[in-house]
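K.L.:
model this:
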Amino acid sequence: MEMAGTTRTPEVKINSSSCAITGECYPEDISEFSGPVMEALRDNLNSSDSFTVTVELYYFNSSSAKFLFDFFEYLDKTGKEKQIQVIWKYRTEDDAMEEAGSEFEEDMENVSFSLEAIN
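P.N.:
Sure, this is the predicted structure:
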């Protein structure tokens, strides 16, 4: 599944071994964005023993934060049975995105979660 990024939504690429989410996330209708993403995630996670997720967001709003929480919660539940790695990328000067990644990381018990600073 590939979803092109827009001015309000990130680019999303999901296949049988990985997921990449890159850009800004503040869609007018979060369910219109999140529904297809979660469906593709469920479909592809079931076909692999290991899965890598790379998230590189520059901004997200509160409704997107709820989507991300649900997204990571699903990954964490699935991580009991599969090897899942999450890489949260943030710009070195972006303290808010670093902190958001740290907060998501705290909730993970069954997923390998790492923060990666980028220029």
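K.L.:
How far off centre is stretch 34-44?
P.N.:
Its chain's average C-alpha position is 11 Å from that of stretch 34-44, according to C-alpha atoms, centre = their mean, to the nearest Å.
K.L.:
oh, I was asking about stretch 111-119
P.N.:
Per C-alpha atoms, centre = their mean, the centroid offset for stretch 111-119 relative to its chain is 12 Å.
K.L.:
Check which residues of that stretch are buried.
P.N.:
Across stretch 111-119, burial judged by 16 or more other C-beta atoms under 10 Å covers 111, 113, 115. Every C-beta, even on glycine, is put in place using the N, C-alpha and C of the backbone.
K.L.:
check contacts around the closest residue to the first one other than its chain neighbours.
P.N.:
By that I understand residue 111. Nearest residue to residue 111, sequence neighbours excluded (C-beta to C-beta, 6 or more residues apart in numbering): residue 79, at 4.2 Å. Residue 79 makes contacts with 108, 109, 110, 111, as judged by C-beta atoms under 8 Å, 6 or more residues apart in numbering.
K.L.:
Could you measure from the closest residue to residue 3 other than its chain neighbours over to residue 6?
P.N.:
With C-beta to C-beta, 6+ apart as the criterion, residue 3 has its nearest non-adjacent residue at 4.2 Å, and that residue is residue 12. Distance, residue 12 to residue 6, using C-beta to C-beta, to the nearest Å: 11 Å.
K.L.:
who's more crowded, these two?
P.N.:
Counted by other C-beta atoms under 10 Å, residue 12 and residue 6 do not tie: residue 12 has more neighbours, with 21 against 12.
K.L.:
can you tell me which residues contact that one?
P.N.:
For residue 12, the contact set (C-beta under 8 Å, 6+ apart) comprises 1, 2, 3, 5, 19, 20, 21, 37, 40.
K.L.:
Repeat the analysis, applying 7 Å as the threshold.
P.N.:
3, 21, 37 (C-beta atoms under 7 Å, 6 or more residues apart in numbering).
K.L.:
if I've got this straight, it is in a strand?
P.N.:
Yes. Assessed by DSSP: H, G, I helix; E, B strand; the rest coil, residue 12 belongs to a strand.
K.L.:
so what's it bridging to?
P.N.:
Beta bridges link residue 12 to residue 3, residue 21, judged by DSSP bridges.
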